[in-house]
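1. All I have is the shape, not the residue letters:
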């Protein structure tokens, strides 16, 4: 039972470097999400994809780009990393029927120096 | 826009009952979800209310009042393993979940 898989789990970057966080789900879900979590801030929505080929901005999209490569995969790209992007990033997916439930990956811990 | 308010911390002893409140302001509200997160782990889904009333799942119950823009999570027969952060989240979806926005979380500490 893989569920939602994120890679890498840990990453250290220097300011200005770029990187892509990968996310894949094997539950045949249509909707996929990227959140970031900072201490005391809860989970903040970066981008959301309702279906393959569509993406929408969330609360904090600046500095990020996403690609919904196919139904399974949703990647998050930092083009020029900044220290303010140091965070834990969670990918999630949701089934077509609205049950209020997101299925989360284990998180990717990113540090930007 | 949307905003959610929940207490930052709650403490209780084993065996007790604790209620975590959540008030929200959001246009296009559809439903209220609750999630649990242990330190360093992924959030896990607990419950969902789209209609007014109480939903019960084992030791956990969740309540929603749409007219008051208010909900709560009730945890009964507390156990040490219930020590975690609890998040309420509002959704804008309909037949599909849509965007889900989270509160800042309530840290629950259960003492022996």
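-> Arrived safely. Source: prediction; values computed, not measured.

2. Spell out which parts of chain B neighbour chain A.
-> Contact residues (Cβ under 8 Å from any Cβ of the partner chain) of chain B with chain A: B:8, B:30-33, B:35, B:41-45, B:47-50, B:87, B:89, B:91, B:93-105. In this view, the C-beta of every residue, glycine as well, is placed from N, C-alpha and C.

3. Residue A:7 reaches residue A:22, doesn't it?
-> Yes: the pair residue A:7 and residue A:22 passes the contact test of Cβ atoms under 8 Å, sitting 4.8 Å apart.

4. give the contact list for the residue nearest the centre of chain A.
-> Note on chain A: the residue nearest the mean C-alpha position is residue A:34, at 2.9 Å, using Cα atoms, centre = their mean. Going by Cβ atoms under 8 Å, 6 or more residues apart in numbering or on different chains, residue A:34 touches A:21, A:23, A:45-48, A:58, A:64, A:66, A:74, A:76, A:89-92.

5. Report how many residues lie close to whatever residue of chain A ends up closest to chain B.
-> Going by Cβ to the nearest Cβ, chain B is nearest to residue A:100 of chain A, at 2.7 Å. Here the number of neighbours of residue A:100 (other Cβ atoms under 10 Å in any protein chain shown) works out to 24.

6. Which element, helix or strand, includes it?
-> Secondary structure from DSSP states H and E places residue A:100 outside every helix and strand.

7. Backbone dihedrals for it, please?
-> phi 70, psi 10 (degrees, to the nearest 10).

8. Setting the sequence-adjacent residues aside, check what's closest to it.
-> residue B:48 (2.7 Å; Cβ to Cβ, 6 or more residues apart in numbering or on different chains).

9. now whatever helix or strand the residue nearest to the centre of chain A lives in: mean pLDDT?
-> Applying DSSP H and E as the criterion places residue A:34 in strand A:31-38. Strand A:31-38 shows a mean pLDDT of 96.

10. Mind listing what's buried along that strand?
-> For strand A:31-38, burial by neighbour count (16 or more other Cβ atoms under 10 Å in any protein chain shown) applies to A:31-37.

11. just stretch A:67-81 next, same as before
-> Residues A:68, A:71-76, A:78, A:81 are the ones in stretch A:67-81 that count as buried (16+ other Cβ under 10 Å).

12. now do the same end-to-end measure for that stretch.
-> Taking Cα to Cα, to the nearest Å, stretch A:67-81 runs 17 Å from one end to the other.

13. ditto for stretch A:93-110
-> OK, stretch A:93-110 end separation, Cα to Cα: 21 Å.

14. on that earlier part again, return the subset of the residues of chain B next to chain A lying in strands.
-> B:31-33, B:35, B:44-45, B:47-49, B:87, B:89, B:91, B:100-102 (DSSP state E).

15. Next, work out how far apart the closest residue to chain A within chain B and residue A:85 are.
-> Minimum separation of chain B from chain A (Cβ to the nearest Cβ) falls at residue B:48, amounting to 2.7 Å. Distance, residue B:48 to residue A:85, by Cβ to Cβ, to the nearest Å: 31 Å.

16. where does chain B have low pLDDT?
-> Across chain B, the ranges flagged by pLDDT under 70 are B:1, B:93-95.

17. could you pull out the helices for it?
-> Counting by DSSP state H, chain B forms no helices at all.

18. Around chain B, pick out the residues from chain A.
-> A:30-31, A:33, A:35, A:40-45, A:48, A:50, A:56, A:58-59, A:90, A:94-107.

19. Can you select the buried ones among those residues for me in PyMOL?
-> The PyMOL selection below is limited to those of the residues of chain A next to chain B classed as buried (16+ other Cβ under 10 Å):
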select buried, chain A and resi 30+31+33+35+42+43+44+45+48+50+58+59+90+94+95+98+100+101+102+103+104+105+106+107
